[in-house]
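Peer 1: below: sequence and its predicted model.
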Amino acid sequence: MQTWKEYLDKNKDRFLEELLELLRIPSVSARSEHKPDMQKCAEAVKQRLLDAGVDKAEIYATEGHPVVYAEKIGDPSRPTVLVYGHYDVQPPDPLELWHSGPFDPVIKDGKIYARGSADDKGQFYMHVKAFEIMVRTGTLPTNVKFIIEGEEEIGSPNLAKFVTSHRDLLKADVILISDTAMLSLETPSIDIGVRGLSYIEVEVTGANRDLHSGVYGGAVANPITILAQMIASCHDANNHITIPGFYDGVVEATPAERKLMAAAPYDEAAYKKDLGVEELWGEKGYTTNERTGIRPTLELNGIWGGYTGEGAKTVLPSRATAKISARLVPNQSAGVITEKLLNYFKKIAPASVTVRAEEHHGGEPYMTPIDSKAYRAAASAIEAVFHKAPIPVRGGGSIPICALFEKELGIKIVFMGFGLDSDNLHSPNEKFGLVNFYKGIETIPYFHKYFAEK
């Protein structure tokens, strides 16, 4: 009988080619023109799960994009692991900044460059291949269920209904997610939590049409100027968020937790060099790792208005719009924060303009206990392959469905991410290391082994 590593080494080229085929499908959930691609990708995921050895796989329609579910139940007395992932990806814009086509994967310097390579096709596919290895070598110690959705990048608006309608189908002992990152291959880590999300759009309107900036400038409010002033008012001189009640209920990290975070390797010079910046920016009194993990933030994701074409046009625009998101920490509610953001922008608007503010989507923050059997199994699995105990850290991103999973299914989540923060998630030239991909496939079977042990 082959070992896990022998099977992986023999089939690694096939595993990679299968992933590249998935990456070639432009499954962008945010854009209606990609709806056929979403269906195509769901069908491809279903087929790959069947090929890997599941007993059944089905595509469930939702009011949006479909959910793929699959399972292999060998022995009901064994523990059941529910693997979650998503096959949808972020829009690839701006296209001109990509070094190669976002949906034409290229392998360069040991990395796969493509949209979705790390977030999340490459990472959920590690579980599919790890599952195949255990099935084909006759060593699967758990029952395994897969739920691979197509709307994570737009806030999973229809997954809640699916979960609540299929509690029995999704019944498990733990949820395993690889949609997070490690500090590095040399310093492995496990995320013990993710931040929540509140996402809104604000539109400021002035005059009933675009105006000549010479004839009307100085007499009529410029919506771009007003919007910029409103946004600037959200932070004070210490980069502390000024929206009333924003920090209500925020759980402050203990000195022990901050000390633990400080133990993680961090090279500020290398951090700045990688980003191409001279200085870092953030809330006074906190380190970079704390700002991106244990503190809430407010960011401007996009802003537009007026003339943005080639050359000049002296126009006083009628309208300006911004997309704004807040990352949330434990005890902050996405619904409460969204309401505070919407009310704030409406309240501070001067009478010279009108404001329309609306919610896009959101999600609650989530923390996982580090004293659970599942966490210990994940830590042991990583140590078995990386030969180092992983450092527990808090992730800066958001996975909106986490809190709902625990509420509706009554089970905890363990994060086993194998990407890196430098993988350009949501940015041009997204990448995922081949070593990371293969290390993930090699590690995941150990989680099942340790979790199944009495």
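Peer 2: Looks like it came in fine.
Peer 1: wait, I294 touches A253, no?
Peer 2: Yes - contact status for I294 versus A253: in contact at 4.5 Å, counting by Cβ atoms under 8 Å. Any C-beta I mention is one placed from the backbone N, CA and C, and that applies to glycine too.
Peer 1: shared neighbours, those two?
Peer 2: Counting by Cβ atoms under 8 Å, 6 or more residues apart in numbering, the common neighbours of I294 and A253 are M261.
Peer 1: between the two, who's got more neighbours?
Peer 2: Applying other Cβ atoms under 10 Å to I294 and A253 shows that I294 carries more neighbours, namely 23 against 19.
Peer 1: roughly how far does that one sit from A262?
Peer 2: The spacing between I294 and A262, counted by Cβ to Cβ, to the nearest Å, is 12 Å.
Peer 1: what do you get for I112?
Peer 2: If you measure I112 against A262 using Cβ to Cβ, the figure is 33 Å.
Peer 1: same thing with G395?
Peer 2: Between G395 and A262 the computed distance is 17 Å (Cβ to Cβ).
Peer 1: between those two, who's got more neighbours?
Peer 2: Using other Cβ under 10 Å as the criterion, G395 and A262 rank with G395 on top: 22 against 11.
Peer 1: I337 contacts A326, doesn't it?
Peer 2: Yes - the pair formed by I337 and A326 meets the contact definition of Cβ under 8 Å, at 5.7 Å.
Peer 1: between those two, what contacts are shared?
Peer 2: Taking Cβ under 8 Å, 6+ apart as the contact definition, I337 and A326 share the neighbouring residues S198, F246.
Peer 1: state the distance from I370 to A452.
Peer 2: Using Cβ to Cβ, I370 is found at 20 Å from A452.
Peer 1: typed the wrong thing, it's A389
Peer 2: Counting by Cβ to Cβ, the gap from A389 to A452 is 21 Å.
Peer 1: between those two, who's got more neighbours?
Peer 2: In terms of neighbours (other Cβ under 10 Å), A452 is the more surrounded of A389 and A452; the figures are 16 against 13.
Peer 1: how about that one: what's its closest non-neighbour residue?
Peer 2: Spatial nearest neighbour of A452, chain neighbours left out: P141 (3.8 Å); criterion: Cβ to Cβ, 6 or more residues apart in numbering.
Peer 1: contacting residues for that neighbour?
Peer 2: In this structure, P141 makes contact with R78, M134, H448, K449, A452, judged by Cβ under 8 Å, 6+ apart.
Peer 1: helix, strand or coil: sort out L82 for me.
Peer 2: strand (DSSP: H, G, I helix; E, B strand; the rest coil).
Peer 1: mind listing the residues bridging to it?
Peer 2: When bridges are taken as DSSP bridges, the partners of L82 come out as K145, I175.
Peer 1: pull the number of nearby residues for it.
Peer 2: Based on other Cβ under 10 Å, the number of other residues close to L82 is 24.
Peer 1: tell me where this structure has helices.
Peer 2: Secondary structure of the chain (DSSP state H): helices at 4-23, 35-52, 121-136, 159-165, 223-232, 255-262, 268-275, 288-291, 334-347, 373-386, 402-409, 434-452.
Peer 1: quick one: pLDDT of the residue lying closest to S422 once chain neighbours are set aside?
Peer 2: Leaving aside its chain neighbours, S422 sits nearest to D274 (6.0 Å; criterion: Cβ to Cβ, 6+ apart). According to the prediction, D274 has pLDDT 91.
Peer 1: quickly note the distance from D274 to N424.
Peer 2: When Cβ to Cβ is applied, the distance between D274 and N424 equals 11 Å.
Peer 1: the more surrounded of those two?
Peer 2: When D274 is set against N424 and neighbours are counted by other Cβ under 10 Å, the residue ahead is N424, at 17 against 11.
Peer 1: now that one: phi and psi?
Peer 2: Comment: the main-chain dihedrals of N424 come out as phi 60, psi 40, following degrees, to the nearest 10.
Peer 1: what sits against it?
Peer 2: E430, K431.
Peer 1: distance of it from T180?
Peer 2: In this structure, N424 lies at 15 Å from T180, with Cβ to Cβ as the measure.
Peer 1: show me the shaky parts of the stretch 51-200 of the chain.
Peer 2: Low-confidence segments of the stretch 51-200 of the chain, defined by pLDDT under 70: none present.
Peer 1: the same query, at a cut-off of 90, please.
Peer 2: Along the stretch 51-200 of the chain, segments meeting pLDDT under 90 span 155.
Peer 1: on that earlier part again, quick check: the residue nearest to A452 vs G397, distance?
Peer 2: Taken as Cβ to Cβ, the spacing of P141 relative to G397 amounts to 30 Å.
Peer 1: and P317, by the same measure?
Peer 2: Shown here: P317 relative to G397, a distance of 33 Å by Cβ to Cβ.
Peer 1: repeat that for D248.
Peer 2: Distance of D248 to G397, computed by Cβ to Cβ: 23 Å.
Peer 1: neighbour count for these two, which is higher?
Peer 2: A direct count of neighbours by other Cβ under 10 Å for D248 and G397 places G397 higher, at 18 against 12.
Peer 1: test my guess that that one contacts R195.
Peer 2: Yes - with contact defined as Cβ under 8 Å, G397 counts as touching R195 (6.8 Å).
Peer 1: what do the two both touch?
Peer 2: Between them, G397 and R195 share these contacting residues under Cβ under 8 Å, 6+ apart: R327.
Peer 1: partners of the closest residue to A264 other than its chain neighbours in the sheet?
Peer 2: Ranked by Cβ to Cβ, 6+ apart and with sequence neighbours excluded, the top spatial neighbour of A264 is I391, at 5.4 Å. Taking DSSP bridges as the rule, I391 bridges to S189.
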